[in-house]
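Student: Predicted model follows, preceded by the sequence.
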Amino acid sequence: MSQNRLARSSTPGVSALQKTISKKFLLPFYIIISFLFLFSEKSDFKAIRFLKALINDGITYSVYIVNAPIKLISDLGGSARQYLNFNIILENKKLKDQIEQLNAEKRELQFFKNENDNLKRVLGIKNKDDYVSIYAKIIHEDTNEFAKNLILSIGSNEGVQLGQAIVLNNVYLGKISEVNLFSSKAMIITDLNSRVPVVIPSRGVNAILKGNGLAGAQLLFLPQNAVLENNDQIYTSGSDGIIKEGLYIGKIITDNKKDIKKRKYSVDLGFKEHQLNYVSVLKVKK
Amino acid sequence: MSTFLEKIRFYSAHIIFVLICINDSILINTWIAPGPIINIKYILVFYFSFFDKGRFSITFLFLVGLIFDSLQGMPFGMTSICFILLSILASYLKQRRTQTNFQNEFIAFVISLLITQITSVIILSYFSPAPFEYLLLAINIIVSLVFYPVLRTLLKVLYNY
């Protein structure tokens, strides 16, 4: 009996609304509202954009709160695994050695940077735009058959704009595809609609990197005579004038076929999806 | 006490559905497969509309659709229309069949899923400038169809229809 009563009712809070609007009216009402929303996608009214940005912000932060316990549980699992790692002393020593090595490389890079700056000054080459990075937390990550998005905790309030690159430790992850007031959406490099102009400096080759919608990306418009080898590094070329040049993307993996014309290339991206917590948004310094 | 437990059991479907919709990528598409190839949300909408018409109300489906669109960057209203359409198709096809066995149910799912996905493609191509891959969509439909009996069995055990 009570089961039937429950079946007749619906979600709490929503049932009150349902009672006021008759059931016959409800279906066309929602269909019309949905189509109005859809047609608003094509309109360019500021008020509609503002309203949508508000709705997006509301939903984004509500989902963040709802998801907090789930995230906490999954984080606890990761922490437990970390504490159960008995090779921690050995790992610590290895990491210290790596830091020493990286510091040495950093000093060397600083030397080359200074030298480069001096040469540019002598030759009268103007420096390209400087960028500042804004730190952002990833509130949510979503993937479906049409899109791959990261939702970030900063929006137009921090000066985020469409097309700005998002990076993690100078590794290119994607670009901003939608800006709300207090949140923004970024399209990941593996999204089907992602296209990034790239360069492979070791071979002097330019190409376009296209996401495959799954977990990888592929190179398009490679020159016909281009020969790439394993571990050739890929960087952003900056030829679109929006994304900063020289951001690391990943490295080439080939199938090692002897016939160069038949050789196929894939890309090992420099980051792991679904393992990201924080990113930086690159903004041109004014 | 039993009423309270019944309420929990009743609304658990709603909670599971909402959590799956907002965690589509993390829960399903990274643990089970390397990409967005299983459409569990459509399976859930179909299943509950087919076996228990009153469980997911149109208002609930509309609101969850909007949340999903907002998170995924889809045109606002697209998923709401798809959810409502799928729900109507499922309950309509159930009404037309006097005998419900697995074969009829599966055919109804195939028809509903295809019509819903075609609708989503039409809406997307008209209202969104971003292109999409038909191959990935086809994989998504096929894997969802293959995965349906597994999820259906699990839901049968949980909800005993």
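Tutor: Sure, I can see it.

Student: Any regions of chain A where pLDDT drops low?
Tutor: Across chain A, the ranges flagged by pLDDT under 70 are A:1-24, A:78-79, A:81-86, A:126-129, A:143-146, A:286.

Student: Relative to the helix or strand containing A:Lys137, what are the paired strands and their orientations?
Tutor: Using DSSP states H and E, A:Lys137 sits in strand A:131-143. Here strand A:131-143 has these sheet partners by DSSP bridges: strand A:148-152 (antiparallel), strand A:278-284 (antiparallel).

Student: quick one: buried residues of it?
Tutor: Using 16 or more other CB atoms under 10 Å in any protein chain shown as the test for burial, strand A:131-143 gives A:131, A:134, A:136, A:138-143. Where you see a C-beta, it was placed from the backbone N, CA and C, and this is true even at glycine.

Student: Tell me the one of these nearest A:Val284?
Tutor: Nearest to A:Val284 out of the buried residues of strand A:131-143 is A:Tyr131 (CB to CB; 6.0 Å).

Student: do you know how far that closest one is from chain B?
Tutor: 25 Å (CB to the nearest CB, to the nearest Å).

Student: about what we covered before: Serialize the strands paired with strand A:131-143 to TSV and add fields for mean neighbour count and distance to A:Asn56.
Tutor: Shown next, in TSV, are the strands paired with strand A:131-143 (neighbours: other CB atoms under 10 Å in any protein chain shown; distance: least, CB to CB, whole Å):
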stretch	mean neighbour count	distance to A:Asn56
strand A:148-152	26	9
strand A:278-284	19	17
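
Student: Using CSV, write out every CA atom in the lowest-mean-pLDDT helix or strand in chain B.
Tutor: Here the helix or strand of chain B ranked lowest by mean pLDDT, DSSP states H and E is helix B:2-22, holding a mean of 82. Extracted in CSV, the C-alpha atoms of helix B:2-22 (Å, rounded to 0.1, in the frame of the first residue of the first chain):
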residue,chain,number,x,y,z
SER,B,2,9.2,-0.4,7.6
THR,B,3,7.7,2.7,5.9
PHE,B,4,11.0,4.5,6.5
LEU,B,5,13.0,1.6,5.0
GLU,B,6,10.6,1.5,2.0
LYS,B,7,11.2,5.3,1.6
ILE,B,8,15.0,4.8,1.6
ARG,B,9,14.6,1.9,-0.9
PHE,B,10,12.4,4.0,-3.1
TYR,B,11,14.6,7.1,-3.1
SER,B,12,17.9,5.1,-3.4
ALA,B,13,17.2,4.8,-7.1
HIS,B,14,17.0,8.6,-7.4
ILE,B,15,20.2,9.0,-5.4
ILE,B,16,22.1,6.4,-7.5
PHE,B,17,20.8,8.1,-10.7
VAL,B,18,21.9,11.6,-9.6
LEU,B,19,25.3,10.4,-8.4
ILE,B,20,25.9,8.5,-11.7
CYS,B,21,24.9,11.5,-13.7
ILE,B,22,27.3,13.8,-11.9
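
Student: Downstream of it, the next helix or strand is which one?
Tutor: Sequence order places helix B:40-51 as the next helix or strand after helix B:2-22, per DSSP H and E.

Student: Does chain A have contacts with that following helix?
Tutor: No - judged by CB under 8 Å from any CB of the partner chain, helix B:40-51 stays clear of chain A, getting no closer than 9.0 Å.

Student: Counting by contacts, list what that helix packs against.
Tutor: Packing contacts for helix B:40-51, counted by 3 or more CB pairs under 8 Å, 6 or more residues apart in numbering or on different chains; DSSP states H and E, involve helix B:2-22, helix B:78-96, helix B:102-127, helix B:134-159.

Student: just the angle between it and helix B:134-159, please?
Tutor: 50 degrees (axes from the mean of the first three to the mean of the last three CA atoms, to 10 degrees).

Student: can you give me the helices for the stretch 51-200 of chain A?
Tutor: With DSSP state H, counting those that start in this stretch as the criterion, the stretch 51-200 of chain A has helices at A:88-123.

Student: ok, B:Glu105 - contacts?
Tutor: By CB atoms under 8 Å, 6 or more residues apart in numbering or on different chains, the residues touching B:Glu105 are B:50, B:152.
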